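Colleague: This is a predicted model, with the sequence first.
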Amino acid sequence: MMNHLKKILIVTFIFSATFLESCDTLESINIFSTQDDVELGRQLDLEIRSNPSEYPIYNGDPMVKRYIGTRIFNHVLASSKVENREIFNYQIEIIDKPDVLNAFAIPGGYIYLYTGLLLYLNSEAALAGVIAHEIAHVEERHSTQRLTKYYGISILLGIVLGENPSTIAEIAANLFVGLAFLANSRNDEEEADDNSYKYLKDTRYYPGGVKFFFEKLQFDGLIDSSSSKIETFLSTHPDPIERINNINQMLLQDGIGVKDFQSNDPDMYRDDYFTYIKNKL
Ligand SMILES: [Zn+2]
């Protein structure tokens, strides 16, 4: 995975990082290679697929996944701002849990959408925003950045004690037990929203799509709700109001009209969303 000198240097950096917690440069240290991301993702994806009670793969109308994959996912991936589409193993899967309003990405390009989220959204622009946000987590390698922080000290102890360093397989197994560990930091969420906006600017969709989900939650009075499905969502996606404001700010700076989730303009692709996705679930 990495040679010893590199490990020692990196671990030194990580110890420094604990004293300089909010420094952006140190935030982006990653001891994993992009190929490690791909391998970690491949193993986690296998774990997910072999646990149907926790992650039941949607097996309804196959056209839903095909439509999302070709019409939305591939279109967003084709944005010139997505730089690693040839390196990562980009693919989507739908998890059949109508009560979960969430989506998540694991390293290496694997992105999962819950049917609860698909049933809740009401335009392709909104879904494109979420997908672009998840692609951004993969592109920025947020998971292995956090793993770097988490495993940095263990790796140093491994060197001192003469133990073998953790392998990708061990990391994948540990990670799968606590997938919640992949929950993103507030900075990671902001960066993923910013990138979502940049990616969508290069597509047929309204670039502020990522905020529509938060706007609908707010409109439905669900942000302050203590209902369990919202807890699930808010535990991994903090500060919805601030994130709406952040996207609106970027739209204003670029001179793009601020629309909300109820807009019916052509760049929302609202009718197509109902015809090809929502009404088929
Ligand atoms: Zn996120």
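Modeller: Structure received. Values in this document were obtained by computation on a predicted structure and should not be read as measured data.

Colleague: for the ion, what are the nearby residues on the stretch 51-200 of the chain?
Modeller: Taking Cβ under 5 Å from the ion as the contact definition, the stretch 51-200 of the chain meets the ion at N184, E189, A192. In short, each C-beta sits where N, CA and C put it, glycine included.

Colleague: Would you check that the last one makes contact with A136?
Modeller: Yes. The criterion here is Cβ atoms under 8 Å, and A192 meets it with A136 at 4.0 Å.

Colleague: what's the burial count for the closest residue to D37 other than its chain neighbours?
Modeller: Take D37 and drop its neighbours on the chain: the residue closest to it by Cβ to Cβ, 6 or more residues apart in numbering is P107, 4.0 Å away. P107 has 31 neighbouring residues, counting by other Cβ atoms under 10 Å.

Colleague: what's the distance between P107 and the ion?
Modeller: Relative to the ion, P107 is positioned 14 Å away (Cβ to the ion, to the nearest Å).

Colleague: mind checking pLDDT for that residue?
Modeller: pLDDT, P107: 94.

Colleague: Just to check, Q91 is in contact with G109?
Modeller: Yes. Q91 is within contact range of G109, at 6.5 Å (criterion: Cβ under 8 Å).

Colleague: Out of the residues of the stretch 51-200 of the chain next to the ion, which comes closest to I223?
Modeller: E189 (15.2 Å; Cβ to Cβ).

Colleague: so that closest one is in which element?
Modeller: helix 186-200 (DSSP states H and E).

Colleague: Check which helices and strands that helix is in contact with.
Modeller: Using 3 or more Cβ pairs under 8 Å, 6 or more residues apart in numbering; DSSP states H and E, the elements in contact with helix 186-200 are helix 124-140, helix 142-161, helix 240-253.

Colleague: Distance check, the closest residue to Q91 other than its chain neighbours against E39.
Modeller: Distances taken as Cβ to Cβ, 6+ apart place Y110 nearest to Q91, at 6.1 Å, with adjacent residues excluded. Here Y110 is placed at a distance of 12 Å from E39 (Cβ to Cβ, to the nearest Å).

Colleague: same deal with S50?
Modeller: Taken as Cβ to Cβ, the span from S50 to E39 is 17 Å.
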